[in-house]
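let me see the structure of the following:
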Amino acid sequence: MNTPTHNRNAAAFAESDFIDLAAAIDQVPAAQRELFLTKLVILLAAGAPPGELSERIERARKHLPA
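Numbering: from 1, shown residues only. All right, here's what the predicted structure looks like:
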């Protein structure tokens, strides 16, 4: 089994990323939050480089049903 390694000296996300994520979650209707977070996790698992969380949030939001 592959075990991911983590660089303990580097932050995966900046503090502003957490603020952006909290704001994005607040903007998504409650009934769609689980779907939004699932899509966001899939996009992040695909390998988001540092600094691209905002772009991945927007992509996940665009994939929500209207």
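
list the buried ones in the helix or strand Ile19 falls within?
Secondary structure assigned from DSSP states H and E places Ile19 in helix 15-27. Buried positions in helix 15-27, judged by neighbour count with 16 or more other Cβ atoms under 10 Å: Asp17, Asp20, Leu21, Ala24. Quick note: C-beta positions are derived from backbone N, CA and C, even for glycine.

ditto for stretch 25-45
So for stretch 25-45, counting by 16+ other Cβ under 10 Å, buried means Val28, Phe36, Lys39, Leu40, Leu43, Leu44.

let me see the contact set for Phe36.
Counting by Cβ atoms under 8 Å, 6 or more residues apart in numbering, Phe36 makes contact with Ala24, Ile25, Val28, Ala60, Arg61, Leu64.

picking up where we left off before, reformat the buried residues of stretch 25-45 as CSV; add distance to Arg56.
Converted to CSV, the buried residues of stretch 25-45 look like this (distance: Cβ to Cβ, whole Å):
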residue, distance to Arg56
Val28, 14
Phe36, 11
Lys39, 9
Leu40, 6
Leu43, 4
Leu44, 6
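
what's the closest non-adjacent residue to the residue nearest to the spatial centre of the chain?
Centrality entry for the chain: nearest residue to the mean C-alpha point is Leu40, 4.5 Å, by Cα atoms, centre = their mean. Excluding the flanking residues, the one nearest Leu40 by Cβ to Cβ, 6 or more residues apart in numbering is Ala60, at 4.1 Å.

so how far is the helix or strand where Leu35 lies off the chain centroid?
Assessed by DSSP H and E, Leu35 sits inside helix 33-45. For helix 33-45, the separation from the chain centroid amounts to 6 Å (computed by Cα atoms, centre = their mean, to the nearest Å).
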